[in-house]
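Participant: Got a predicted structure plus its sequence, pasted below:
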Amino acid sequence: MPEGDTIFRSARALNLALQGKQIVSFETAYAQLASVNDQTPLAGRTVERVESRGKWLLIHFSGDLILVTHMLMSGSWHIYRPGERWRRSRTHMRAVIATSDFVAVAFDVPVASFHTARTLERNTAIPKLGPDLLNDKFSDEEALQRLQARGPDEIGNALLNQQVLAGIGNVFKSEICFTCGVHPFAKVSTLPPARLQQLLEAARRLMAANVTEAAGDRIVTYTGPRRTTGADNPMARLWVYGRRGKPCRRCGTVILMRKQGVGARSTYWCPECQPMPESQGMPLAEIDGLSTPIRRRKVGCG
Ligand SMILES: [Zn+2]
């Protein structure tokens, strides 16, 4: 699934290419979108802005029309110059927004609908999102309060909950916890505010680092490789995610994995660098692959 930062990058690139530009043509494979376009054509409207809300991407057009897409597992937006060859087959095309400078193509977006400001506000399928970590108006205080309101939840689940904070995906969830030495199965209520604050800072730092990844001067949005360790070697990109059974990059301890939460999402952690808080034990039998007792050690957030 594309992570929040991927959607944010897509929105930013689309905004750079399309904002303030007049649409010369619109094409879609979806009958519902085509019908709206027939009644109230997009051609002639101006793109006011493109924004991401967590994993939703919203394109606002003049005249109170908003195209809302959700990427789910497979969707992506590409931006091309007019006449440039597409990197994906036309059979995957779901919508094309063309201006005189750029052509934005949505491939395989499984969810796409038109809204007005009013229907968007009323739509319950698009959740009211928590503060977007990558939004300029992100408030530390509000984010902290939202996390603390999830006291009984495991921190891994709370970080992934888009109604608490928008933008953190399953990969970054594990990486953020590792960076701060926090056990992903620790209950939020067992973590002091300073610790939660560290997690929020780490989340924003990691996601911002990925957002500013050089895109080159061709504006192309795609699911690029995510990096958290700062290493150039693609194999050394992530601290713990996807590294079950491999040695921790900091201490050499074997990385563990366990399914977590409603969606049974894979959660990775180092039992040495990320000890469970004293106030919350974890049945050793539940920890897959753990043969030695967890030793407790303080690890700074860095
Ligand atoms: Zn470790």
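Facilitator: Looks like it came in fine.
Participant: Please, which helix or strand holds the residue in the stretch 51-200 of the chain positioned nearest to the ion?
Facilitator: In the stretch 51-200 of the chain, the residue that lies nearest the ion is residue 178 (7.9 Å; C-beta to the ion). Where you see a C-beta, it was placed from the backbone N, CA and C, and this is true even at glycine. Here residue 178 sits within helix 170-179, counting by DSSP states H and E.
Participant: Let me know the angle separating the helix or strand just after that helix from helix 170-179.
Facilitator: Counting by DSSP H and E, the next helix or strand C-terminal to helix 170-179 is helix 193-211. For helix 193-211 against helix 170-179, the angle by axes from the mean of the first three to the mean of the last three C-alpha atoms, to 10 degrees is 130 degrees.
Participant: Sort out which residues of helix 193-211 are buried, please.
Facilitator: 195-200, 202-204, 206-207, 210-211 (16 or more other C-beta atoms under 10 Å).
Participant: Reformat those as JSON lines; add distance to residue 47 and pLDDT.
Facilitator: Below are the buried residues of helix 193-211 laid out as JSON lines (distance: C-beta to C-beta, whole Å; pLDDT from 0 to 100):
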{"residue": "195", "distance to residue 47": "42", "pLDDT": "95"}
{"residue": "196", "distance to residue 47": "38", "pLDDT": "96"}
{"residue": "197", "distance to residue 47": "37", "pLDDT": "95"}
{"residue": "198", "distance to residue 47": "38", "pLDDT": "95"}
{"residue": "199", "distance to residue 47": "36", "pLDDT": "96"}
{"residue": "200", "distance to residue 47": "32", "pLDDT": "94"}
{"residue": "202", "distance to residue 47": "34", "pLDDT": "93"}
{"residue": "203", "distance to residue 47": "30", "pLDDT": "91"}
{"residue": "204", "distance to residue 47": "28", "pLDDT": "88"}
{"residue": "206", "distance to residue 47": "30", "pLDDT": "83"}
{"residue": "207", "distance to residue 47": "25", "pLDDT": "79"}
{"residue": "210", "distance to residue 47": "25", "pLDDT": "69"}
{"residue": "211", "distance to residue 47": "21", "pLDDT": "59"}
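Participant: Can you add distance to residue 107 and give the residues you listed back as JSON lines?
Facilitator: As requested, those are exported to JSON lines (distance: C-beta to C-beta, whole Å):
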{"residue": "195", "distance to residue 107": "41"}
{"residue": "196", "distance to residue 107": "38"}
{"residue": "197", "distance to residue 107": "39"}
{"residue": "198", "distance to residue 107": "38"}
{"residue": "199", "distance to residue 107": "34"}
{"residue": "200", "distance to residue 107": "33"}
{"residue": "202", "distance to residue 107": "32"}
{"residue": "203", "distance to residue 107": "28"}
{"residue": "204", "distance to residue 107": "29"}
{"residue": "206", "distance to residue 107": "27"}
{"residue": "207", "distance to residue 107": "24"}
{"residue": "210", "distance to residue 107": "21"}
{"residue": "211", "distance to residue 107": "21"}
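Participant: Report the two of those separated the most.
Facilitator: Distance extremes for the buried residues of helix 193-211: the farthest pair is 195 and 211 at 24.6 Å, using C-beta to C-beta.
Participant: follow-up on the earlier one: mind checking the pLDDT average for the helix holding residue 178?
Facilitator: Taken as a whole, helix 170-179 carries a mean pLDDT of 92.
Participant: so how far is that helix from its chain's centroid?
Facilitator: A distance of 12 Å separates the centroid of the chain from that of helix 170-179, by C-alpha atoms, centre = their mean, to the nearest Å.
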